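S.K.: Any chance you can model this:
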Amino acid sequence: MTRLLRLAQKIYADTTALSTSDLMSNEDYEIERAQLLRLATQHRSQRRLRLNPSLSLVFETRFTAWLQIQEELRWLTRPTYEDMEEVLTRCNLVVPAPEQLTATLFVDGGDNPASFYWMECIAANAFSVALRLSGSVLRARSQESSSGVLATVHTFTFQPTARCGPNTEVIWGDTTLQHTTPVSAVTRHALAQDLNPASNRNCFIAPAAARGKTTGITYTTTRIGPPSLAIPKYPSLRLVMAPGSETGADNP
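M.R.: Numbers count the residues shown, from 1 in each chain. The predicted structure is shown next:
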């Protein structure tokens, strides 16, 4: 295991909130940035799900939160204490607690009716998402309070709420129609390990059994609910573009 891989593993496995003592200086980070971004690409690819052409769900870890902090701070020549505290506070929101998961939902920002519909749906608190994993149902709760603002990036916390069968899948949709999206073996393994990161000795390598199975994007094929119901119309809302994601990192 290389030095940077050991560093990334240590950051991932810790369960405490990120602090200034966890961070590299901007100079040191710039030297190692290319290799760290390659690690992040591998890490995120194991935790990304495409729900449909307009929606992507990326599960976060302490390592992805750390990388986001480093990416934001690199644009500040001399970050102040207040700068660092603001970034740390915001990015720590996606650091999952033990036995929980966090994920970022990205809505395709393209100018198309489907994307706009889902932005309206989420802003109106009419969107729901849950994960069936390892015999448990983890139901998502939005970290934002809806204020009638349309956005393309949303953060959710997944908490176990009930027991279920062995299938691993994401159930999502609006108040009218629910969909199911299958989860690959690699992603299933990664998310199961993320529930207890301290016991995961290598968060960057999937087991051979999981790697041998297909991991390509599979769009939703199953629908739950009455398909004849019309898509509800939500009231007109105010459009605000979400902040740009980290430069140079692996964007969904």
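
S.K.: Put the alpha carbons of the host helix or strand of Tyr12 into PDB.
M.R.: Here Tyr12, judged by DSSP states H and E, is contained in helix 3-13. The C-alpha trace of helix 3-13 is given here as PDB (Å, rounded to 0.1, in the frame of the first residue of the first chain):
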ATOM      1  CA  ARG A   3       1.900   6.300   1.200                       C
ATOM      2  CA  LEU A   4      -1.000   8.200  -0.300                       C
ATOM      3  CA  LEU A   5      -3.200   5.100  -0.300                       C
ATOM      4  CA  ARG A   6      -2.400   4.700   3.500                       C
ATOM      5  CA  LEU A   7      -3.300   8.400   4.000                       C
ATOM      6  CA  ALA A   8      -6.600   8.100   2.200                       C
ATOM      7  CA  GLN A   9      -7.400   4.900   4.000                       C
ATOM      8  CA  LYS A  10      -6.700   6.600   7.400                       C
ATOM      9  CA  ILE A  11      -8.900   9.500   6.500                       C
ATOM     10  CA  TYR A  12     -11.700   7.200   5.400                       C
ATOM     11  CA  ALA A  13     -11.600   5.000   8.400                       C
END
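
S.K.: Next secondary structure after that helix?
M.R.: helix 26-45.

S.K.: What mean pLDDT does that following helix get?
M.R.: Averaging pLDDT along helix 26-45 yields 95.

S.K.: Same question for stretch 108-127.
M.R.: 91.

S.K.: residues contacting the residue lying closest to Thr61 once chain neighbours are set aside?
M.R.: Of all residues not flanking Thr61 in the chain, Tyr12 sits nearest, at 5.5 Å (Cβ to Cβ, 6 or more residues apart in numbering). In this view, the C-beta of every residue, glycine as well, is placed from N, C-alpha and C. Tyr12 is in contact with Thr61, Arg62, Phe63, Pro197, Asn200, Cys203, counting by Cβ atoms under 8 Å, 6 or more residues apart in numbering.

S.K.: same thing but at 7 Å, please
M.R.: Contact partners of Tyr12, counting by Cβ atoms under 7 Å, 6 or more residues apart in numbering, are Thr61, Arg62, Phe63, Pro197, Cys203.

S.K.: how about stretch 122-142: buried residues?
M.R.: Residues 122-124, 126-133, 136-140, 142 are the ones in stretch 122-142 that count as buried (16 or more other Cβ atoms under 10 Å).

S.K.: Actually, stretch 4-20.
M.R.: Quick answer for stretch 4-20 (16+ other Cβ under 10 Å): Leu5, Leu7, Ala8, Gln9, Ile11, Tyr12, Ala13, Asp14, Leu18.

S.K.: For the stretch 1-150 of the chain, just list every one of the helices.
M.R.: 3-13, 26-45, 62-73, 81-91, 113-123 (DSSP state H, counting those that start in this stretch).

S.K.: among those, which is the most enclosed?
M.R.: Stretch with highest mean neighbour count among the helices of the stretch 1-150 of the chain: helix 62-73 (a mean of 23; mean count of other Cβ atoms under 10 Å).
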